[in-house]
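Participant: Following is a predicted model, sequence given first.
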Amino acid sequence: MSKCRGSMRRSFYAVLVLFIFCVLLFWRKLSAWKVLNLSTTEQHPGAIAARIHGTKFDAVNNRPPFIILMAQWRSGSTVLGELLNRNPELFYMFESLWPAARLRELRNISRGTIASKEISRDILRGFAKCEFATDFVKIYRRWGGSRLNENLCHGNRTSCRMHSVEDLDNFCQSFQGRLATKIIQADLELLKPLVTEDGINLKIIHLVRDPRGTAASRINYLKASYREILNILQRIPPLSDRLKPLGLLDNVPKEILQFQEIRENNPTVRGLCNWIRENTKLSPDSLPEWLQGRYHLVKYEDFALAPLQEAQRIYEFIGMPFTTHLKGFINNITHPKSSNPSIFSTSKNAQATANKWKKYLTLQERRQITKECLDVLQFLGHEPNSTSATPQSS
């Protein structure tokens, strides 16, 4: 009888231990489920959309990609950036590296140095973490371009949610890592450490444009922006070269360095084509390991010819849905009923804009650009001696 009781007691304890183990296991699974299924009323819409649409998150830091539109001055980046700016699920910053020039001045750092590049990287690191520096916020807030950030400012600089570092940090964090920016003062060398050293999940949209189109747009921009440029242009004979006198061909005259766009960008055709040579990757096979799956090339002329198709590819690359709202917006600004003639407008017939250079550049200017950039024109699929900006069919 005592043996029977002992056996029953041991069976009871075994069942009890098994029951406790099952309870603990169930509780652990329940806790994990709660973490992964936060109440949607407490999340930003971007976070909800990310889960619904099955966004690919970075395996290292479990965050959505930090999207960077990398381009050059007057290459069509503003209109392409609107693809990201008008997405309510993204926190987009227009030219987030704009304050870098002022920060260099304050710290007495020369442009192009290692320290200068670190200033730009620190800005991007802070943005990726939603941890903005006080001096960055002060400078960016005062800049007129800041009002172009749709979700941040809604077109009105006085209503921008960056009255303090805390305001901007909190607003950024509400997007749950869905961040994007356009930069025109960077290259792959500057961005590489953000991936290899900081582990940031970058997605780089690399925009390139026919150098002839970019050069024509730069002449037009300077002419529309500075009275002094008009005075210089009046001294130039008709149908001759404007590129060299304006510092847009190979070397920059001292009198032109007074203009910030010339000082802070890559103004010359020679510099532009070097940038294209060093950064453009036509085939996935040519990508270094750190860039694989992180790089998407967009030719402005392809976008101008088929905006919706190119935009769809961009959204597939960043892992977000290309919504009906965005399709309508892109169609409206690339095929408007009436184009805005302003140099600063983003609402223009895209294909006409891409081909505008053939009527604007003189024969001498076209020959100068071809001489500097023959290999680049061929590399990008453009006919060097053609007056059309439409790429050759492959």
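Facilitator: Ah, there it is.
Participant: Rounded mean pLDDT for the longest strand along the chain, please.
Facilitator: When the chain is parsed with DSSP state E, its longest strand is strand 202-208. For strand 202-208, mean pLDDT is 98.
Participant: Can you pull out the residues in contact with the very next helix or strand once past it?
Facilitator: Next helix or strand after strand 202-208 toward the C-terminus (DSSP states H and E): helix 211-225. With Cβ atoms under 8 Å, 6 or more residues apart in numbering as the test, helix 211-225 has contacts from 72-76, 229-230, 233, 242-243, 246, 248, 259, 261-262, 267, 269, 272-273, 276, 300-301, 343, 354, 356-358, 360-361, 365-366, 369, 372-373, 376-377, 389. From N, CA and C alone the C-beta is placed, and that goes for glycine too.
Participant: what's the angle between the next helix or strand after helix 211-225 and helix 211-225?
Facilitator: Once the chain leaves helix 211-225, the next helix or strand it forms, by DSSP H and E, is helix 227-234. Relative orientation of helix 227-234 versus helix 211-225 (axes from the mean of the first three to the mean of the last three Cα atoms, to 10 degrees): 120 degrees.
Participant: Which elements pack onto helix 227-234?
Facilitator: Counting contacts by 3 or more Cβ pairs under 8 Å, 6 or more residues apart in numbering; DSSP states H and E, helix 227-234 is packed against helix 211-225.
Participant: Just the C-alpha atoms of the helix it packs on, please, in CSV.
Facilitator: Extracted C-alpha coordinates of helix 211-225, given in CSV (Å, rounded to 0.1, in the frame of the first residue of the first chain):
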residue,chain,number,x,y,z
PRO,A,211,25.4,66.1,-68.6
ARG,A,212,24.2,68.4,-71.3
GLY,A,213,20.8,68.7,-69.6
THR,A,214,22.4,69.3,-66.3
ALA,A,215,24.7,72.0,-67.7
ALA,A,216,21.9,73.8,-69.5
SER,A,217,19.8,73.8,-66.3
ARG,A,218,22.7,75.2,-64.3
ILE,A,219,23.2,78.1,-66.7
ASN,A,220,19.5,78.9,-66.5
TYR,A,221,19.4,78.6,-62.7
LEU,A,222,22.3,81.0,-62.2
LYS,A,223,20.8,83.4,-64.7
ALA,A,224,17.5,83.4,-62.8
SER,A,225,19.1,83.7,-59.4
